[in-house]
Every structure is written in C-alpha cells, then in structure tokens.
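>>> can't give you the sequence, but here's the structure:
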C-alpha cells in the first residue's frame, strides 16, 4: 500500500495543515498587533522626548542649551534636530543623515501647528519615524523654533524579522511533531489495522489461526473482537454447510440407488409380474420421497435467502383449532396411536397467519410422533392468554435422548444414526417448521424425557 494512502499519513497531513493554518492566522494577528503596538509606543516615546526637549529649550533657548540637547541624543538610537522658526538648522545630534535634513526642508512647507505633530509613521517603506514639537516661550507669546525627533525604522524591521524567525521555528517544531505523530500513529493505528487486514485475509481459509489484538480496550480492540466473533460464526457456518451438503448428498443418493436398482429389475423381460409390480411401486414411493426432499431443501434455501413468502390472512382462532383437530385426526386415524384433541377454544380472537404453513408445521410434528415416538397416545391442547395462543402436542412415547434434544431442529439431523429409509422423514421437517413459526414471530420449543415428548408452539394474537 503506498504510504500516501495510509491512514496515519492522512491524519498526520491533516494535523500538519491544521497546525500551520492556526499558526498562520495567529502569526498574522500577533504580527500586526505587536508591531502596531510597538510603532505606537515608539511614536509616543518620540513625542514625549520631543516635548521634554522643547520644555527645556523654552526655559533657556540659547546656544549652550541647544548643544546640550543635541549631545544628549547623540548617545541614543534616536536623532534630533533643533530648527529656527524659519526651519533653519540650529543644531543636530551626531551623525545626522542628509536624508533627514531633506526631510526637514520638505516639512517646512507644511502648515505650522501649535502642538506636537507626527510627521511620519510608515515604518515599512520609510527609513525613519518622525515627530515635530514647537518651542514656545513660557508665556507662549514667542516661538523660538521646533524640535524634530527621528527613530530609525530598522529597529521595527528587526522586531519583524525576529517574529518571522520565531514563526519559522514554530513551523519547524510543527513539522517535527507531525513526523513524530506519523510514527506514533503508525504504531498505534496502522500496525493493528495491518494486523487485522492480514488476519481477515485468512478468516475463511484458516480461521483457527486467527490472532487479533482483542485485549485492547479501544475501538481497535472492539473491531478485533467483532472480527473474531465473525470468524467463529463463519467457521461454524462453513462446518454446518459442509455437513449439510454431505447429508443432503447422502439423502439424495439413497432414493436414487433404490430407483436405479428397482428400475433395472422392472426392465428385465424375465422379471415375474408380481416382482415387477412391486418394483414399480417402490420406484413410485422413492420418487415421492425424493420429490419431498428436494421440495424441503428448496424451502430451506428460500428461508435462508429471505425469499420465503407467507400468504398471511386473518384467521379466527376457533376455526384454526377445528382445522388442526381435523388434520391431525386424519393423520393418526390410519395408525395404532390414539389421538385426542382437547382444543375447546370458542373465543372470537384472531391471528394473522399463513394458514397452510401453520398446518404444515403441525403435520411435521404429527409425522414426527407417528414415525419416531413409539407412542400409544397423543394429545393436542391449547391455552389462550392475553396476547398469545399456546398449543402443545404431547405424546407418551420413548422420548428423545437428552444428548439429541438440542439438535432436533438442525437440518438433516436424525436421532436414528442409521439413517434407515424405514424410519421415514428427511430430517428437514422440524427445521422448516421452526423457521415458519419464527417467520410468524412465534416460538417452537420442545421438552422430552422417558415419559414422552412435548412440542410447544406459541403464536401472537391479532391485536385490534
């Protein structure tokens, strides 16, 4: 996988861009705020110094005082110029640039003011900040001249340069932190994800070798536990599928063997008529068994794919009870088993069910009792509750072994391991019955011991 497509790289890139964006905005705000405040402070300082010098000169405007003021400013970063009212230079601080002399001559053309005036504030494009203060006598009747104060803007540029350097340092730190974040994320996120990816590649082929970081208590751990659970479920489904296909192949092979064998017998000219008729009858029975097996397998496939359709209608409960009694009585009439229906529900309650599918469920349970239970007596009861109706089909047969009881609703599962055709059934009836009841939002349960077996079906009533 290209590093540019890795999750840690993308997160680190977002982190870096976000950090740089925040830094840029903050830098611009701080840059202009700090520099603006520094320019104002320097101008205020120039004004203050200019007014201070003007006050001293106002008390004693002579050559000695003028020279003293010029000498004082020679030791500082600022420049000073003292001019007469006609803007003739009287004295300046040492190393006074010619450009400032030109600036004073140009300023002389401006209107005169009786207060301190800021003449230059453009620190970005001009070499000096400039302030002018008038020198008036103590009674303000006479103007002796003006004091010009200048500050080199290179000081402000130096501050700007230092701020820019600090921004570059912070940017470099952000890049280093991003690199460390990338490495950390690679360790904390990318490595577990890569481990999960490699593990899921083998989830179908080698689920038993799955090793995931399930001990983690974060989202990665939750994902690992979910994948591990999915792997176990897939492994179970794969085993069940293989077992089902194996059992189904066995179930189909048995009637096909009978069909082929008896077809060969019936096709021989020397076969006696009685044996030929018996062979044809057996072929017919096995064909019916094979058709039933295929139909049941098709129904299970529909149930698995959620394409199994129910044609549900509103059925009066008493009518359903009558139909169940009639169908089961007809089934047990041709057997030595005594069937007794104790359904005596005359309520006007109704259910919304697929009538034919519910009858199919009770037929499967009745067939199970006839073929497997070895019972002498079977009863059908019903208990009406507030929102449900519970049917119980109970026999007094040999019961289902405790070890087999949890598996009787599994597909193609038989308590008789011999899989003899004489035992009847395909091993799919109960599996289909349970899923039909679940489609009706009901439940099908079983309890069994040596005294017999009880199947319990609960269906919801139609609420009005």
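Structure received. Values in this document were obtained by computation on a predicted structure and should not be read as measured data.

>>> going forward, measure contacts between C-alpha atoms and count neighbours the same way
Noted.

>>> all helices of this protein, in order?
Counting by DSSP state H, the chain has helices at residues 7-59, 63-73, 98-107, 154-185, 191-201, 219-267, 273-304, 317-333, 355-372, 429-439.

>>> how deep is the closest residue to residue 314 other than its chain neighbours tucked in, by neighbour count?
What sits nearest to residue 314 in space, not counting adjacent residues and going by C-alpha to C-alpha, 6 or more residues apart in numbering, is residue 352, at 4.5 Å. Residue 352 is flanked by 18 other residues according to other C-alpha atoms under 10 Å.

>>> just name the most buried of the helices of the chain.
The highest mean neighbour count among the helices of the chain, using mean count of other C-alpha atoms under 10 Å, belongs to helix 429-439: a mean of 20.

>>> what does stretch 116-132 contact?
Applying C-alpha atoms under 8 Å, 6 or more residues apart in numbering, the external contacts of stretch 116-132 come out as 39, 43, 46-47, 50-51, 107, 133-134, 146-154, 156-157.

>>> ok, now stretch 454-464?
Under the contact criterion C-alpha under 8 Å, 6+ apart, stretch 454-464 has outside partners 314, 349-352, 365, 387-395, 437, 440-448.

>>> what's the answer for stretch 142-150, then?
Residues external to stretch 142-150 that are found in contact with it (C-alpha under 8 Å, 6+ apart): 46-47, 49-50, 53-54, 58, 61, 78-87, 104, 128-137.

>>> now do the buried residues in it.
Applying a neighbour-count criterion of 16 or more other C-alpha atoms under 10 Å, one finds 144, 145, 146, 147, 148, 149, 150 buried in stretch 142-150.

>>> farthest pair within those residues?
Across those, the longest distance by C-alpha to C-alpha is 20.0 Å; it joins 144 and 150.

>>> ramachandran coordinates for residue 86?
Dihedral angles of residue 86 (phi, psi; degrees, to the nearest 10) stand at phi -90, psi 10.

>>> state the pLDDT value of it.
Per-residue pLDDT puts residue 86 at 84.

>>> need the contact list for it.
Each residue near residue 86 by C-alpha under 8 Å, 6+ apart is listed here: 108, 145.

>>> how about the one 4 residues further on?
By C-alpha under 8 Å, 6+ apart, the contact list for residue 90 reads 66, 81, 82, 83, 84.

>>> check residue 316 too.
Neighbours of residue 316 in contact, by C-alpha under 8 Å, 6+ apart: 348, 349, 350, 351.

>>> could you do residue 313 as well?
The contact partners of residue 313, taken as C-alpha under 8 Å, 6+ apart, are 351, 352, 353, 354, 355.

>>> how much space separates it from residue 356?
From residue 313 across to residue 356, the span is 10 Å (C-alpha to C-alpha, to the nearest Å).

>>> and what of residue 392?
Residue 392 sits 19 Å away from residue 356, going by C-alpha to C-alpha.

>>> same check, this time on residue 453
As judged by C-alpha to C-alpha, residue 453 and residue 356 stand 24 Å apart.

>>> what does residue 230 give?
As for residue 230, its distance to residue 356 is 36 Å (criterion: C-alpha to C-alpha).

>>> over to residue 127?
Residue 127 sits 102 Å away from residue 356, going by C-alpha to C-alpha.

>>> quick check: residue 16 touching residue 178?
Yes: between residue 16 and residue 178 there is a contact at 6.0 Å, judged by C-alpha atoms under 8 Å.

>>> average pLDDT across stretch 220-229?
pLDDT averaged over stretch 220-229 gives 74.

>>> one more: stretch 93-103?
Mean predicted lDDT for stretch 93-103 stands at 87.

>>> ok so, going back, neighbour-wise, which one of the contacts of residue 90 leads?
Within the contacts of residue 90, neighbour counts (other C-alpha under 10 Å) peak at residue 82, which reaches 29 neighbours.

>>> can you tell me how far the closest residue to it other than its chain neighbours sits from residue 77?
Residue nearest to residue 82 in three dimensions, not counting chain neighbours: residue 147, with 4.7 Å by C-alpha to C-alpha, 6+ apart. Distance, residue 147 to residue 77, by C-alpha to C-alpha: 16 Å.

>>> show the backbone phi and psi for residue 344.
The phi/psi pair for residue 344 (degrees, to the nearest 10) reads phi -140, psi 50.

>>> what's the local residue count around it?
By the criterion of other C-alpha under 10 Å, residue 344 has 12 neighbours.

>>> related to what we said a few turns ago, what's the closest of the contacts of residue 316 to residue 291?
Nearest to residue 291 among these, with distances taken as C-alpha to C-alpha, is residue 351, at 31.6 Å.

>>> partner residues bridging the closest one?
residue 315 (DSSP bridges).

>>> quick one, what contacts it?
Neighbouring residues of residue 351 by C-alpha under 8 Å, 6+ apart: 313, 314, 315, 316, 317, 460, 461, 462.

>>> and the pLDDT for it?
The model's pLDDT for residue 351 equals 91.

>>> what about it, distance to residue 442?
With distances taken as C-alpha to C-alpha, residue 351 is found 11 Å from residue 442.

>>> what do you get for residue 369?
Distance of residue 369 to residue 442, computed by C-alpha to C-alpha: 21 Å.

>>> what does residue 148 give?
In terms of C-alpha to C-alpha, residue 148 sits 101 Å off from residue 442.

>>> circling back: out of the contacts of residue 316, which is nearest to residue 252?
Nearest to residue 252 among the contacts of residue 316, counting by C-alpha to C-alpha, is residue 351 at 37.5 Å.

>>> got phi/psi on residue 312?
Dihedral pair for residue 312: phi -90, psi 140, per degrees, to the nearest 10.

>>> surely residue 20 and residue 171 touch.
Yes: look at residue 20 against residue 171 with C-alpha under 8 Å: they come within range, at 7.0 Å.

>>> where in the stretch 251-400 of the chain is pLDDT low?
Confidence mapping of the stretch 251-400 of the chain against pLDDT under 70 gives the ranges 251, 254, 258, 285, 289, 292-293, 296-308.

>>> at 80 instead, please
Within the stretch 251-400 of the chain, the set of residues satisfying pLDDT under 80 comprises 251-259, 262, 276, 282, 285-310, 346-347.

>>> kindly report the same for the stretch 101-250 of the chain.
Checking the stretch 101-250 of the chain against pLDDT under 80 turns up 108-114, 139-140, 171, 174-175, 178-179, 181-250.
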